[in-house]
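Novice: Here is my input, please return the structure:
(one chain, ligands or ions: 1)
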Amino acid sequence: MRLRFTKMHGLGNDFVVIDAVRQRLTLNAEQIRYLADRHFGVGCDQVLLVEAPRIDGTDFHYRIFNADGGEVEQCGNGARCFARYVRDEGLTQADQIRVGTAAGAIVLQVRADGQVSVEMGIPRFNPTEIPLQVRNRAPAYDLGSGCEAMRIGAVSMGNPHAVLAVGNVDEAPVGELGPRIERKSLFPHGANVGFMERRASDLIRLRVWERGVGETLACGTGACAAAVIGRLWGELGESVQVQLPGGTLLIDWRGEGEPVMMTGPATRVFDGEIDL
Ligand SMILES: N[C@H](CCC[C@H](N)C(=O)O)C(=O)O
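Specialist: So this is what the prediction gives:
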């Protein structure tokens with residue numbers, strides 16, 4: 001099968017985006033892993049499918065696959081690229097685009113300045129997605145040696161996130177603790193693991209070990225999760241600049257029961273074709 005794709009990124013979190021509206025296709029886990037492979041395939045953190053709507057009141061359906069081939073519920077940086085893609089491809093002319101995902105509907109707003117704002121939904125704390133034992137607790141829930149002093153919080157943005165407070169993200173044990181927590185039985189479906197350094201009530205630095213990928217240059221849902229946990233710890237305000245290795249996202253959250261708003265760029269790199 002000859003497959004057309006577009007390479008995009010949100011602050012260096014990179015994607016292979018595929019129009020599954022005008023080219024009918026399904027992809028299995030092996031094909032996803034091939035597309036994501038940085039040596040033998042195209043290379044990306046996630047593969048994103050643009051599909052016809054499945055939920056009433058939405059314009060499109062949005063499916064997300066990690067580089068390991070697993071399908072997941074949500075991807076924030078990918079949502080901004082989704083909006084850029086469907087506009088560039090003429091699949092819509094709207095500025096506001098309602099998109100269905102496995103985690104429910106989200107609203108994408110294409111801004112005059114070229115950035116995209118996404119209403120990412122209401123943060124969730126239910127035990128089927130995250131372990132209540134680590135809900136916004138301090139001191140740390142026992143994650144084993146090396147992190148006794150760390151505080152940990154957990155929240156779902158449709159996908160599960162652990163957030164650890166660190167003094168300096170540059171020295172955070174991302175590669176060592178990230179995979180341990182990602183796969184810890186504590187999280188029923190695995191977890192993305194954020195390492196957050198608070199600089200001010202409106203500024204954090206963040207690195208994220210992503211479930212199914214590893215450390216990425218940016219993580220949109222991770223930025224939302226860190227801002228929510230920091231706010232629940234009483235350390236962050238309503239509007240937070242989240243500095244990630246790939247760049248900065250703006251996260252706004254009015255508080256519990258309210259949706260999280262994420263604003264940032266979406267970049268198209270090149271179009272390509274590949275035989276699957
Ligand atoms: N690795 C994540 C999915 C991608 C999230 C990230 N790329 C974002 O921008 O939110 C997970 O397994 O839940």
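Novice: ok, which residues in the stretch 51-200 of the chain are in contact with the ligand?
Specialist: I64, N66, V72, C75, G76, N77, G78, N159, N192 (Cβ under 6 Å from any ligand atom). (Glycine included, C-beta is placed from N, CA and C.)
Novice: The third one touches G78, doesn't it?
Specialist: No. The pair V72 and G78 does not pass the contact test of Cβ atoms under 8 Å, sitting 10.0 Å apart.
Novice: joint contacts of those two?
Specialist: The contact sets of V72 and G78 overlap at I64 (Cβ atoms under 8 Å, 6 or more residues apart in numbering).
Novice: quick one, strands of the stretch 151-276 of the chain?
Specialist: 152-156, 160-165, 192-200, 203-210, 214-216, 239-244, 247-253, 260-264, 267-275 (DSSP state E, counting those that start in this stretch).
Novice: Packing partners of the second one?
Specialist: Translated: strand 160-165. Using 3 or more Cβ pairs under 8 Å, 6 or more residues apart in numbering; DSSP states H and E, the elements in contact with strand 160-165 are strand 152-156, helix 174-182, strand 192-200, helix 220-232.
Novice: In PDB, could you pull the C-alpha coordinates for it?
Specialist: In PDB, the C-alpha atoms belonging to strand 160-165 read as follows (Å, rounded to 0.1, in the frame of the first residue of the first chain):
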ATOM      1  CA  PRO A 160      -2.400   8.900  32.800                       C
ATOM      2  CA  HIS A 161       0.300  11.200  34.200                       C
ATOM      3  CA  ALA A 162       2.500  11.100  37.200                       C
ATOM      4  CA  VAL A 163       4.200  14.400  38.200                       C
ATOM      5  CA  LEU A 164       7.300  14.600  40.400                       C
ATOM      6  CA  ALA A 165       8.600  17.800  42.000                       C
END
